[in-house]
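J.: Let's see this in three dimensions:
(one chain, ligands or ions: 1)
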Amino acid sequence: MNLNPHASPRAAKTATLPRIALVTGGGSGIGAAISQQLAENGHIVFIGDINPHASRDLAATLCAAGHEAYAVELDVSSPASIDEAFGTIGQAFGRCDILVNNAGIAKTFPFLDYPIEHWRNVFDVNVTGPMLCGQHAARLMRKQGWGRIVNIASISGLRASSGRTAYGTSKAAVVGLTRQMAIELAEYGITTNGVAPGPIDTPMTLDLHSAVARENYTRAVPAKRYGVPEEIAAVVGFLCSEQASYVNGHTVPVDGGFMAAGVLEI
Ligand code: NAD
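T.: Coordinates of the predicted model:
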């Protein structure tokens, strides 16, 4: 019996828990925090990573804490590897409800000397990977009439910083890809949003940011500090939830105020 004839279509789609989630690059840094957040939100999490040790260790830790998590070997720069990973998820559960395109790499060189092989590598991982994972996931989500896709962009895709010819341009492409996916997938009950982190303490920034870069970022961020991966994961968790059902096509900076800032010291 339908007690509420005015119940929204959204309400009818909220019953299917837990959701099946894939986090690419989920083995370390921001991806690990996102995997943990989604597991804590009650979802079954596939941790897809090119580093099988990192994803297996995290899956074991999450399972030991009472969650359901699986490691899946995944290189997002390889269409065959993406096929295989979605084949594994499809075989196990027949569905994928949440995709977080988090895997990303950064290689910095001056614009005039930017090596073409690095440009191509960065685009394969940061742009083509999310597009292909998005296609695979959305084909499965369409069957359920429900899906959440979150693409991890960067403040470097919204403002330029030195050395980021490939990285910054690839992340600007992620912002565009997010809008494109959002408008084409909305009719299937799928939302696609982006999160653009500011400087976050992870293995990536430990390797990429010199002491000078660290000092400059800290000065440019109104919060006067680097963020932690959990601060990104919290926003991703919201965007993957029922509550975010009418948010679509946006990229949210989570950056301690960096995007809002102009001159800070006068
Ligand atoms: P990280 O290097 O610490 O972790 C990245 C993870 O992705 C690693 O586990 C790595 O093994 C995995 N990975 C790398 N290449 C892969 C591939 N081809 N296929 C599958 N997995 C792969 O990086 P992070 O700092 O946690 O960054 C995560 C995401 O956040 C990236 O997209 C990055 O561009 C973005 N981001 C990070 C920052 C920051 O300050 N840390 C800022 C803005 C955006």
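J.: I figured His250 hits Thr192, correct?
T.: No: the pair His250 / Thr192 is not scored as a contact, 9.3 Å apart, by CB atoms under 8 Å. Using the backbone N, CA and C atoms, a C-beta is placed for each residue, glycine as well.
J.: Number of residues surrounding Leu74?
T.: By the criterion of other CB atoms under 10 Å, Leu74 has 30 neighbours.
J.: Likewise for the one 5 residues further on?
T.: Burial of Pro79 is recorded as 14 neighbouring residues (other CB under 10 Å).
J.: ok, now Asn216?
T.: Quick note: Asn216 (other CB under 10 Å) scores 15 neighbours.
J.: Make sure I have this right: it is in a strand.
T.: No: per DSSP: H, G, I helix; E, B strand; the rest coil, Asn216 lies outside any strand segment and is helix.
J.: How about Gly29: what's its closest non-neighbour residue?
T.: Spatial nearest neighbour of Gly29, chain neighbours left out: Thr202 (3.3 Å); criterion: CB to CB, 6 or more residues apart in numbering.
J.: Tell me which of His250 and Thr192 has more neighbours.
T.: More crowded of His250 and Thr192, by other CB under 10 Å: Thr192, with 30 against 15.
J.: Correct me if wrong: that one contacts Val174.
T.: No: the pair Thr192 / Val174 is not scored as a contact, 10.8 Å apart, by CB under 8 Å.
J.: what sits in contact with each of these two?
T.: Here Thr192 and Val174 have Asn151 as joint contacts, going by CB atoms under 8 Å, 6 or more residues apart in numbering.
J.: For Arg56, which residues are in contact?
T.: The contact partners of Arg56, taken as CB under 8 Å, 6+ apart, are Ala71.
J.: Okay, it and Ala39: tell me how far apart.
T.: From Arg56 over to Ala39 the distance is 15 Å, taken as CB to CB, to the nearest Å.
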